[in-house]
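Participant: Quick one: sequence plus predicted model below, questions after.
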Amino acid sequence: MQHSSFEIQYKSFKDASELSEQDQFLINETRKIATAAYAPYSGFKVASLAQMENGTMVHGTNQENASYPIGLCAERVMLAAISTIAPQVGIKNICISYISNKQGSDVPIAPCGVCRQSLVEFESRFSGNIRLLLAGQSGEVFEFNSVSDLLPMAFKKNNLIS
């Protein structure tokens, strides 16, 4: 028997001021967009902003429903919008932030498992890494070179092709 492990590399910044002007812009825009989320039940508003390869910005926010399981996560709302308006354009960067009405919003937030799988599919679709910035409304920021870093054993198209 052999023991194996995964190691995830990422950068941690004490706050957005340590980032480039472009990254600060992405984070600040994502923080603003979070206010538009529809989260009347949880009070947990999430926004996801993609900077496309052509420079276009596309965003999504979470959309809750009284029937909880049919709510939509911000990341998948954003990906659906991208698939509709720019299906042939890859994603360069994604930033995710949130507002919590019940607790602070000063730690980075990561996508749920379903969204991680969806993001990895997009990365695979365009055969290139999608850089990921994770933030709250203030405080620490995490930077990942690839969304695949968050799901090292993702189910991918090569699992289906024989």
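Facilitator: That came through fine.

Participant: Could you pull out the strands in this protein for me?
Facilitator: 11-13, 44-52, 57-61, 91-100, 131-135, 141-144 (DSSP state E).

Participant: Report the backbone C-alpha coordinates of the second one in CSV.
Facilitator: What follows is strand 44-52, C-alpha atoms only, in CSV (Å, rounded to 0.1, in the frame of the first residue of the first chain):
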residue,chain,number,x,y,z
PHE,A,44,-26.1,35.4,2.8
LYS,A,45,-25.5,37.3,-0.5
VAL,A,46,-22.9,36.0,-2.9
ALA,A,47,-21.5,37.5,-6.1
SER,A,48,-19.2,36.0,-8.7
LEU,A,49,-17.5,38.2,-11.4
ALA,A,50,-15.7,36.8,-14.4
GLN,A,51,-13.2,38.7,-16.4
MET,A,52,-13.3,37.2,-19.9
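
Participant: Just the residues contacting it, thanks.
Facilitator: The contact list for strand 44-52 (Cβ atoms under 8 Å, 6 or more residues apart in numbering) reads 26, 29-31, 33-37, 39, 57-62, 73-75, 77-78, 82, 86, 89-102, 109. All C-beta atoms are positioned from the backbone trio N, CA, C, and that covers glycine.

Participant: Produce a PyMOL select command limited to the buried residues of those.
Facilitator: Buried subset of the contacts of strand 44-52, written as a PyMOL selection, criterion 16 or more other Cβ atoms under 10 Å:
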select buried, resi 26+29+30+31+33+34+37+39+58+59+60+61+62+73+74+75+77+78+82+86+89+90+91+92+93+94+95+96+97+98+99+100+109
